[in-house]
Structures are given as C-alpha cells and as structure tokens.
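Participant: show me the folded form of this:
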Amino acid sequence: MTITIAITGKGGNGKTTVARSLLSNLKEIYPSKTILIVDNDLSSDFAQSFGLEIKERISNIREGRYEYKSKIPYGMPKMEFVEWALQDIIVNLNNDIDLIATGTMLSKQCNCFLSGLINEAMVKLVKQYDIVIFDCEYDLEYLNILVDYPIDVTLIITDVNISSVCSADRILQSSLKLASPGQIGVVLNKVKDKQIPENISSALEEYELDILGRLPYDEDLAANSIEKKSVLLNDAARQLIFRLNLPPS
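Facilitator: Residues are numbered from 1 along each chain as shown. Have a look, this model is predicted:
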C-alpha cells in the first residue's frame, strides 16, 4: 500500500524546505522503502533545491514537446506509450528516491484524451512506490487534475501571521473534498521561541484549523538557500512524522 503525503500552502511559507526535511527523515525511518517526489509546483522549486534544472515535465508529454532519451518503441499503444514516457522523464535523486516534475496541466474539464491517459498512468506510477510526496502548487486542486489518487495526509504549511492563517483556511476548504478521508491540518512553520502569538492562536481557533505540528524558525536557514540543511528543522520534522497518522506501507 502506498503512503501519500501532500505538502500544500501559500508561496513563500517554506513548503519545499519542509518537504526536503520530511523526505530525509522518511528515508531514515523507512530505509528500505522506495520514495517518489512529485514536483507539482509550477516553479519546480523542489528539483532546484537539489541543484537540478528540470527541462522535461509531464506537461511536455501532453503537448508533444518532449525529447525522449530513448527511441519510442514501434507500434506501442497510446496507454503504454504514456506509461513509458513517464518512466523516461523520472530523475533518480539517490538510492531509492525518484523525482518527476509536472509543469502546467490543463483543467479537469479538459476533454483532452491524452490528459486522461496521463491521469491513469500517474495512478499506476504512484502505486509502484512505497511513499509518494506531492510538493503542491497551492492546494490539492491542481494536483487532482494530474492524478486522481487518495491522499493519506495533507499538510498545510503556514507562516505565523494572519495572512498565512487566512490562506490556510482557504486551502483547507478547497482541499477537504479532495483530501477525504485522509488526515488534513496545519503545520506552523518558522515558529520563534516556541511561542504562538495570541492573535494567531485565536485565528486558528476561529477557523477551526487542526495544528498537526510546529516547526522552528532557523535564522541560519533563513539567511541561506533552500539547499542548506537545518538541524533544528530536521529534528522537528522527524517528530512531526511520528505524530502523523500514517498507514503502514
């Protein structure tokens, strides 16, 4: 059974940094498990955090703009072609960790035959891994266009300010129907001195947002690129994983 984790949130709240910390900890906790990262963010920040410049994305396959690494097998049925093409653009990060970038996808209402095949092929691809982390553009809607697959845990990464909390509520409302019956809640990021201001606590209570975890503010991390690792954040991310209601893979 595949464990699926979606990282959502307003841009600039640290989704990619959190996703990287979760990835490294999951690999330590489950060393024998295979992991797929689906970089569903339009800017491909996750890939860039590993120093990768991803040129080939799933959207390139749909638009017929992809330069394949190997020769397309002659006479291959369309469904098999899409599955083959997805495998062709997967990037291996290290050991049993793979990454695939999505690029721009069409709306769910699109009648594009190839988009439907991509959705089916993505479902099959997800099932090939023990753990799949989706680094989302904002909420689950854009991800659901790409692959209609149950999400076990949806984390809404939120800065400790009113604007981010309001965004978290909007993300929660738009994602609830897509996250059900999975666990969904807020992860407060960049928390200073382990304290949450009273106005933030009141807003979280007003919006009825479940706090799944708190991640500390790391001044050294804030002053450097997202490629830098944070011991503080890494330890907090590990504690977060143990608190999540993850199903056995």
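Participant: for the rest of this, base every contact and every neighbour count on C-alpha atoms.
Facilitator: Fine.
Participant: in the protein, what secondary structure element scores lowest on mean pLDDT?
Facilitator: helix 219-222 (a mean of 66; mean pLDDT, DSSP states H and E).
Participant: in the protein, which strand is the longest?
Facilitator: Ranked by residue count and defined by DSSP state E, the top strand of the chain is strand 183-191.
Participant: give the pairing partners of it; include direction for each.
Facilitator: Partners of strand 183-191 in the sheet, by DSSP bridges, are strand 153-159 (parallel), strand 211-216 (parallel).
Participant: need the residues that contact the longest one.
Facilitator: When contacts are defined by Cα atoms under 8 Å, 6 or more residues apart in numbering, strand 153-159 is touched by residues 4-10, 13-15, 164-165, 168, 171-172, 179, 182-191, 212, 244-246.
Participant: after that strand, which helix or strand is next?
Facilitator: helix 162-179 (DSSP states H and E).
Participant: average pLDDT across that following helix?
Facilitator: Mean per-residue pLDDT for helix 162-179: 91.
Participant: what's the angle between the longest strand of the chain and helix 162-179?
Facilitator: Interaxial angle of strand 183-191 relative to helix 162-179 (axes from the mean of the first three to the mean of the last three Cα atoms, to 10 degrees): 160 degrees.
Participant: hang on, the earlier thing: which helix or strand lies directly C-terminal to the least confident helix or strand of the chain?
Facilitator: Counting by DSSP H and E, what follows helix 219-222 is helix 231-243.
Participant: can you list contacts of stretch 209-217?
Facilitator: 155, 169, 184-194, 204, 232-233, 236-237, 240, 243-244.
Participant: drop anything exposed from these.
Facilitator: Neighbour-count burial (16 or more other Cα atoms under 10 Å) is assigned, among these, to 155, 169, 184-191, 204, 233, 236-237, 240.
Participant: and those residues, which is the shakiest by pLDDT?
Facilitator: Leu233 (86).
Participant: you'd agree it is up against Asp218?
Facilitator: Yes. Between Leu233 and Asp218 there is a contact at 7.3 Å, judged by Cα atoms under 8 Å.
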